[in-house]
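> compute the structure for the input listed below.
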Amino acid sequence: FNCENNSSCTYEVKLTIWTANDCKRETTKVVTVKPRPEVKLTGEETLCFGLSTPIQLSNYIFDDNTYFWLNETGDTLSQGSGESYRTYMAKPTNGTATYTLRIERKEKTLLNNERTCRYIGDHSITVKETPTVTATANNVRFPIIDGVAVKAIDICAKAPAKINATTNMDCDIRWFEDPAVTLKESNKTNLSDFEYKPEQDTKIYVEATSTNGCKAYDSIYIDTLSIPKIEIDGPEEICSNVTQKYIATGDGKPDSYVWTTAEGSNFQMPEISVSIPEAEGVNSKKYTYTLLGVGNNGCSNTITKEITVHNPPTLNVEGSTQICEDGEISLSVSGADSCNWDNQKITKENEIMTDTPEITRKSYVVYGYKKHTTAICQTQREIPITIHSKPNVTISGITDICEGGSVTLNASGATRYKWEENSGANSASITVTPT
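Numbers count the residues shown, from 1 in each chain. Prediction:
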């Protein structure tokens, strides 16, 4: 019985029976025809090449069914009974693939005969082209991880890893380490260079998305190599015109150290000697020295050291440098924190040094010291002095006179004269009347 549009309908069935004596008897029965159950399949209608998607029977059709999943040519892909066979995981390869679900169940006829009923539904999936993407880099190696050869590169810590992605069609490119965090995006195929400085060993992924929404992935391992630990052994403050050694220490190969001086000169040696002349117009000046060292794994490290160079103190002397024989000299020095004199005396800044020099002394040498944070700079200055000898004065004139008489006395041997205080005379000759 067939009903239009798979709807319910009724048929009247008439049965005519003739007996042996040619008598006729008729009986009728009304048969109600129920529509055949529709097999409804749901699932993706488009799919990127290489992916799988479930096709599911979405409506209930009796119990005790046997499910047959068929491809376009009628080949059985899967069959069985039970809930799990209501779903088929399809993986079409190209074009448009049609999948058929045939449901079979045993039913009883009106005459109580058993027959097999079949119910059929179809679902088609159109396959979209999926791009290909390849992550490349220089010096790629292929280690075995979990039994699979993977791509890997070695970089030195703190150095950027340079990776490139190529695709077979126009794609948007996304780089990531964690899928939730995008490291870089680009929408220009073959221009998707990527530089990344990992803090530790990591795995970088690249995702290519074509205009039809299909995605492809590739990955590359980045192994970070340790950089050598290097240090510069030497003070941070020095004095100008004083030679100071600076020594490279650490994990670098001894023959790999390269110094770059503040003047831009390069020297390849484990240590250098630094001597910087006085800076003009300032008391101190900073200079930067750079040290590069290479480890046994080929990785390099560069450090800098800033050196402050102090000019020696400028000594300013105050005091008279001319004295008479057996006289006392008084000198003070400013510009230094402390001074050592060549007569074994020590003074602080602006403190007066007094001394009674021998007639033979021609000068004093003073050593001035200026203290900085970690350096003490020294300078010296010679201070010429003049010591005048005492005049050899002689007095001439008669020394025996009569009482009440006068006498003239003449002094020689000097340039200026001053007679005893109560005489009031200051010339070379004086006439006196002694009592």
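> so what's the residue count around Arg174?
21 (other Cβ atoms under 10 Å). Backbone N, C-alpha and C define where each C-beta goes, glycine included.
> spatially nearest residue to it (excluding sequence neighbours)?
Nearest non-adjacent residue to Arg174, counting by Cβ to Cβ, 6 or more residues apart in numbering: Glu207, 4.4 Å away.
> quick one: list the elements packing against the helix or strand containing that neighbour.
Assigning secondary structure by DSSP states H and E places Glu207 in strand 202-210. Identification of packing neighbours for strand 202-210 by 3 or more Cβ pairs under 8 Å, 6 or more residues apart in numbering; DSSP states H and E yields strand 133-136, strand 161-167, strand 171-178, strand 192-196, strand 215-225.
> list of residues touching the second one?
Taking Cβ atoms under 8 Å, 6 or more residues apart in numbering as the criterion, the residues outside strand 161-167 that touch it are 131-138, 153, 155, 173, 175, 189-190, 192-198, 204, 206, 208, 210, 216, 218, 220, 222.
> now the buried members of those.
Applying 16 or more other Cβ atoms under 10 Å to those, the neighbour count classes 131, 133, 135, 137, 153, 155, 173, 175, 189, 192, 194, 196, 198, 204, 206, 208, 210, 216, 218, 220, 222 as buried.
> contacts only, for the residue nearest to Arg174.
133, 173-176, 215-217.
> reformat the residues you listed as a markdown table; add distance to Asn340 and pLDDT.
Shown next, in a markdown table, are those (distance: Cβ to Cβ, whole Å; pLDDT from 0 to 100):
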| residue | distance to Asn340 | pLDDT |
| --- | --- | --- |
| Val133 | 78 | 93 |
| Ile173 | 74 | 90 |
| Arg174 | 73 | 90 |
| Trp175 | 68 | 90 |
| Phe176 | 70 | 90 |
| Lys215 | 82 | 94 |
| Ala216 | 81 | 94 |
| Tyr217 | 78 | 94 |
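> out of those residues, which is nearest to Tyr417?
Lowest distance from Tyr417 to the contacts of Glu207 (Cβ to Cβ) belongs to Trp175, with 105.0 Å.
> tell me which residues touch the closest one, please.
By Cβ under 8 Å, 6+ apart, the residues touching Trp175 are 163, 165, 182-185, 192, 194, 196, 204-207.
> again, 10 Å this time
Counting by Cβ atoms under 10 Å, 6 or more residues apart in numbering, Trp175 touches 135, 163, 165, 182-186, 192, 194, 196, 204-207.
> quick one, what contacts the nearest residue to Val365 once chain neighbours are set aside?
For Val365, ignoring the flanking residues on the chain, the nearest one in space by Cβ to Cβ, 6+ apart is Asp342 at 4.3 Å. Counting by Cβ under 10 Å, 6+ apart, Asp342 touches 361, 363-367, 380, 382-383.
> I'd guessed Ile155 sits against Leu225; true?
Yes - at 6.9 Å, Ile155 and Leu225 qualify as touching, with contact defined as Cβ atoms under 10 Å.
> joint contacts of those two?
Here Ile155 and Leu225 have Cys299 as joint contacts, going by Cβ under 10 Å, 6+ apart.
> in the stretch 301-435 of the chain, which segments are predicted with low confidence?
Residue ranges of the stretch 301-435 of the chain with pLDDT under 70: 421-424.
> one step back: closest one of the contacts of Glu207 to Thr27?
Nearest to Thr27 among the contacts of Glu207, with distances taken as Cβ to Cβ, is Lys215, at 69.4 Å.
> OK, contacts around the closest one?
Contacts for Lys215 (Cβ under 10 Å, 6+ apart) come out as 48, 51, 130-131, 133, 171-172, 174, 207-209.
> from the chain's centroid, how far away is stretch 427-434?
In terms of Cα atoms, centre = their mean, to the nearest Å, the centre of stretch 427-434 is found 98 Å from the chain centre.
> what is the end-to-end distance of that stretch?
18 Å (Cα to Cα, to the nearest Å).
> buried residues in it?
Result for stretch 427-434 [16+ other Cβ under 10 Å]: buried residues 428, 430.
> outside of that stretch, which residues touch it?
395-397, 401, 403-420, 423-425.
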